[in-house]
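[1] Here you go, sequence then predicted model.
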Amino acid sequence: MQQQYHHFEYGESLARRLKAISHTDTQQQFYRATEVEELSELNARLSSASGMILVAIDGNNSDFGWKNSDSLMERPQYFFMVAKQTVSGDTDTVFTAQQECAAIVRQIIARMVRDHQRYDSGMTYLDESSFTARGVGPIGENFYGVILGFNMDVGLDCRIDQTCWNE
């Protein structure tokens, strides 16, 4: 049986294993969020953070389609944001932070592709052609970085559950 993907658990595992993020035990370096557009709550939680952080974002967004399939496919979308605290008003630290975060995002992609090829950590259904990376910031206390988006391709069970219907 194939392992199911758990986004927040996978993200926390990445944060623990990445040297640039796991460098301290005194402060939280991993955060969970439900939606990119709801950054105000995340901003408040990041007020005590410093250094480099990883945020796993799952807004329960999905696309649906018949992508090379005889059955309807669901394409859930997930995000990891890697961000580093910068000096206010110093654009050089912003550029440096985004470059460092982009390098870490490439390592996360490499890890995800490896896990996909090994059918490990629930990455079985990773759509390797779906990766996107975009700059992000400022969030929290002057954090800038890169947000990584990706999709899974999962077959959708389209059978009617009679307990859900008044028929």
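    Looks like it came in fine.
[2] Surely residue 124 is in a helix?
    Yes. Counting by DSSP: H, G, I helix; E, B strand; the rest coil, residue 124 is part of a helix.
[3] How many residues are close by it?
    By other CB atoms under 10 Å, 17 other residues sit near residue 124. All C-beta spots, glycine's among them, are computed from the backbone N, C-alpha and C.
[4] what do you get for residue 166?
    Counted with other CB under 10 Å, residue 166 comes out at 3.
[5] again with residue 122
    For residue 122, the tally of surrounding residues (other CB under 10 Å) stands at 18.
[6] My read is that residue 85 contacts residue 49, right?
    Yes. With contact defined as CB atoms under 8 Å, residue 85 counts as touching residue 49 (7.2 Å).
[7] Which neighbours do those two have in common?
    Contact with both residue 85 and residue 49 is made by residues 140-141, 143, according to CB atoms under 8 Å, 6 or more residues apart in numbering.
[8] Using ChimeraX, define a selection of the buried residues within these.
    In ChimeraX, this line selects whichever of these come out buried by 16 or more other CB atoms under 10 Å:
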select :140,143
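[9] among the shared contacts of residue 85 and residue 49, which are in strands?
    residue 143 (DSSP state E).
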